[in-house]
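Trainee: coordinates only, no sequence provided:
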């Protein structure tokens, strides 16, 4: 395997299905394979620019609430939301909001020592408020609502509840078309591969191995979802097959 192929294979291995940028990451890897030029994906612990901007808006609103600045004359949606969720200040709320602010400033922030985490506490919720998580938008609203109410309102790992690292949403409905095209390309069905045939370009053994590896990775990461059965199977590879 060439150094370029090894680097792309490393990116395939780094795919995390709980990541908010999972689908764009998959598409980016397909493009890497097409030109056989390794690139980068948005990795665990990191987020895309849109998510970072959203986190920054929440951070600014939380700092205003923390500093008792009040809602501005023409408040942004985030300010209205934060003030509504948190309500009036108390010392306990301020302490918890300080933790949220710290987490938004540094995603690596940990509130609970290893092995001493109380999953029933709001501090635990804040610790798992990872910006890269697919459910971050729901998570942060739940956390702020729970701080405002002073009690739990949602369960871990439940629909419309708090999701954490490793919780895998069903991306198959979104990715089915792409995967079907990739399998068609592996089977030398250029018409069936559609626009992705042009992205992948001329077939060779190295590209085929990478495409098959990517498809298997997606299958494995969604094994718990029934929708994975709707995907075409990855065909066995044949060496030195070109199109």
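Mentor: Looks like it arrived, so ask away. It should be emphasised that the depicted structure is a prediction, and the values quoted were computed from it without experimental measurement.
Trainee: tell me where the model's unsure across this structure.
Mentor: Flagging of the chain using pLDDT under 70 yields the residue ranges 73-75, 238-243.
Trainee: how does this structure divide into domains?
Mentor: Per automatic domain parsing, the structural domains of the chain span 3-44+175-230, 49-149.
Trainee: now these in TSV, with distance to residue 158 and mean neighbour count?
Mentor: (Glycine included, C-beta is placed from N, CA and C.) Formatted as TSV, those follow (distance: least, C-beta to C-beta, whole Å; neighbours: other C-beta atoms under 10 Å):
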stretch	distance to residue 158	mean neighbour count
domain 3-44+175-230	15	17
domain 49-149	11	16
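Trainee: nearest to residue 162, of these?
Mentor: Residue 162 lies closest, by C-beta to C-beta, to one member of those: domain 49-149, at 5.5 Å.
Trainee: quick one: that closest one to chain centroid distance?
Mentor: 19 Å (C-alpha atoms, centre = their mean, to the nearest Å).
Trainee: my read: residue 62 touches residue 98, true?
Mentor: No - if you go by C-beta atoms under 8 Å, residue 62 and residue 98 don't touch, sitting 9.1 Å apart.
Trainee: quick revisit: can you lay out the domains of the chain as a markdown table showing distance to residue 164?
Mentor: A markdown table is the format used below for the domains of the chain (distance: least, C-beta to C-beta, whole Å):
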| stretch | distance to residue 164 |
| --- | --- |
| domain 3-44+175-230 | 8 |
| domain 49-149 | 5 |
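Trainee: out of those, nearest to residue 237?
Mentor: Going by C-beta to C-beta, the one of those nearest residue 237 is domain 3-44+175-230, 5.8 Å.
Trainee: the closest one: end-to-end distance?
Mentor: 34 Å (C-alpha to C-alpha, to the nearest Å).
Trainee: over to stretch 149-161?
Mentor: One end of stretch 149-161 to the other measures 16 Å (C-alpha to C-alpha).
Trainee: Three-state assignment for residue 212, please.
Mentor: Classification of residue 212 into helix, strand or coil gives helix, according to DSSP: H, G, I helix; E, B strand; the rest coil.
Trainee: now the helices for the chain?
Mentor: 3-13, 22-35, 49-66, 77-86, 91-105, 122-127, 136-149, 172-186, 190-193, 195-200, 205-221 (DSSP state H).
Trainee: how about those in CSV, adding distance to residue 234?
Mentor: Shown next, in CSV, are those (distance: least, C-beta to C-beta, whole Å):
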stretch, distance to residue 234
helix 3-13, 13
helix 22-35, 15
helix 49-66, 31
helix 77-86, 43
helix 91-105, 39
helix 122-127, 38
helix 136-149, 31
helix 172-186, 7
helix 190-193, 14
helix 195-200, 15
helix 205-221, 5
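Trainee: nearest to residue 227, out of the ones you listed?
Mentor: Per C-beta to C-beta, nearest to residue 227 of the helices of the chain: helix 172-186, 3.9 Å.
Trainee: the closest one vs helix 205-221, what angle?
Mentor: Here helix 172-186 runs at an angle of 150 degrees relative to helix 205-221 (axes from the mean of the first three to the mean of the last three C-alpha atoms, to 10 degrees).
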